[in-house]
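[1] What shape does this take:
(one chain, ligands or ions: 1)
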Amino acid sequence: MKKIILMFHDVYHESPSESGYLGTGPDLYKLSESNFVNLVHYISEFKNKNNFVFTFDDGGISFYTIIAPILERYNLKGVFFIATDMIGKAGFMSAEQILDLDRRGHIIGSHSHTHRRLSSIPPDEVYNEWHTSKNVLESILGHNVTVASIPNGYQSDFVLSEASRCGYTEMYTSAPTCRVSRKHSLNLYGRFVMMKSVSIMDLSRLDFSIIRSYLFIRAKMLLFIQKLLGQYYKKIRNAILK
Ligand SMILES: [Zn+2]
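    Numbers count the residues shown, from 1 in each chain. Predicted coordinates for the structure are as follows:
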């Protein structure tokens, strides 16, 4: 069976504002601790947990305080993507905490440096985003970093080719698919986003290829609508999904 790669963000005890980026948009992707534990427990007990990959974007403090301890309780490892400009800032992990996760066997990857919309910033800045982030992480960890994920799924051919030019080899996208593809010498892995209201039912549906195809087509349509609406898209999305 193909691996199902899950894309999480933060997990919170009391309030979504404890960890990661703040605001209505980011809050849509933050899970309560009880919901997260339920999902991890379900996968461990009722699924072949080796078929699932747990990835986490942004670098919020909850990666260290909540998420890693829960994963470890179930003998699982996480893939943690860090927006390196936020290291040490309020609500985000410190360099020492990132190093500790690496030493505990979790995978640390880049999530760009400043978490901007990489597909629409000036071309020379795209390389810098990938390059700076890689350098920051490598100086913390003391080893090569070749894994990355794209902020908010703003992917383009150029964004990928610049990541490859920087020396990344594994890129995690926001396309809901189990298919691994290859572009610009990068292995591209699709991911299934876990939003705040995600349930065990949603998770179990991912077993069915028809559901995965539906999610893939829906994501393509959303991307199209997003392009049409431009700056209004986020406002409308936040209002609908609140
Ligand atoms: Zn992000």
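[2] can you tell me the residue of this protein closest to the ion?
    Sorted by distance to the ion under Cβ to the ion, the residues of the chain start with Asp57, at 4.1 Å. Every residue, glycine included, has its C-beta placed from N, CA and C.
[3] buried set for stretch 103-110?
    Across stretch 103-110, burial judged by 16 or more other Cβ atoms under 10 Å covers His106, Ile107, Ile108, Gly109, Ser110.
[4] Could you export these as TSV, including pLDDT, secondary structure and distance to the ion?
    Putting the buried residues of stretch 103-110 into TSV (pLDDT from 0 to 100; DSSP: H, G, I helix; E, B strand; the rest coil; distance: Cβ to the ion, whole Å) gives the following:
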residue	pLDDT	secondary structure	distance to the ion
His106	98	coil	17
Ile107	98	strand	16
Ile108	98	strand	15
Gly109	98	strand	12
Ser110	98	strand	11
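[5] Show the backbone phi and psi for the closest residue in space to Phe54 that isn't next to it in sequence.
    The shortest distance from Phe54 to any non-neighbouring residue, by Cβ to Cβ, 6 or more residues apart in numbering, is to Gly78 (5.0 Å). Dihedral pair for Gly78: phi -110, psi 160, per degrees, to the nearest 10.
[6] Give me the number of neighbouring residues for the residue lying closest to Tyr154 once chain neighbours are set aside.
    Once flanking residues are discounted, Tyr154 sits nearest to Ser119: 4.2 Å by Cβ to Cβ, 6+ apart. By other Cβ atoms under 10 Å, the residues close to Ser119 number 16.
[7] quick one on the thing from earlier: and the pLDDT for the residue of the chain closest to the ion?
    pLDDT recorded at Asp57 is 98.
[8] Was I right to think it contacts Leu6?
    No - counting by Cβ atoms under 8 Å, Asp57 stays clear of Leu6, with 11.1 Å between them.
[9] Tell me which of the two has more neighbours.
    The neighbour count for Asp57 versus Leu6, taken as other Cβ under 10 Å, is higher for Asp57 (30 against 21).
[10] wait, what's in contact with the more buried one?
    Met7, Phe8, His9, Phe81, His111, Ser149, Pro151 (Cβ atoms under 8 Å, 6 or more residues apart in numbering).
[11] quick one: secondary structure of the residue nearest to the fifth one when sequence neighbours are not counted?
    Among residues not flanking His111 along the chain, Phe81 sits closest, at 3.8 Å (Cβ to Cβ, 6+ apart). Here Phe81 takes the strand state, with states given by DSSP: H, G, I helix; E, B strand; the rest coil.
[12] Tell me, how many residues neighbour Phe81?
    27.
[13] same thing with Ser181?
    13.
[14] a helix runs through it, doesn't it?
    No - read with three-state DSSP, Ser181 is strand and lies in no helix.
[15] Does the nearest residue to it once chain neighbours are set aside lie in a helix or a strand, and which?
    Spatially, and ignoring its direct neighbours in sequence, Ser181 is nearest to Leu188 (4.7 Å; Cβ to Cβ, 6+ apart). Assigned by DSSP states H and E, Leu188 belongs to strand 186-189.
[16] Show me what Lys183 bridges to in the sheet.
    Note on Lys183: beta-bridge partners by DSSP bridges are Leu186.
[17] Looking at it now. What's its pLDDT?
    The model reports Lys183 with a pLDDT of 96.
[18] just checking, it touches Leu160?
    Yes - the pair Lys183 / Leu160 is scored as a contact, 5.4 Å apart, by Cβ under 8 Å.
[19] which of those two has more neighbours?
    Shown here are Lys183 and Leu160; by other Cβ under 10 Å, Leu160 has more neighbours (21 against 14).
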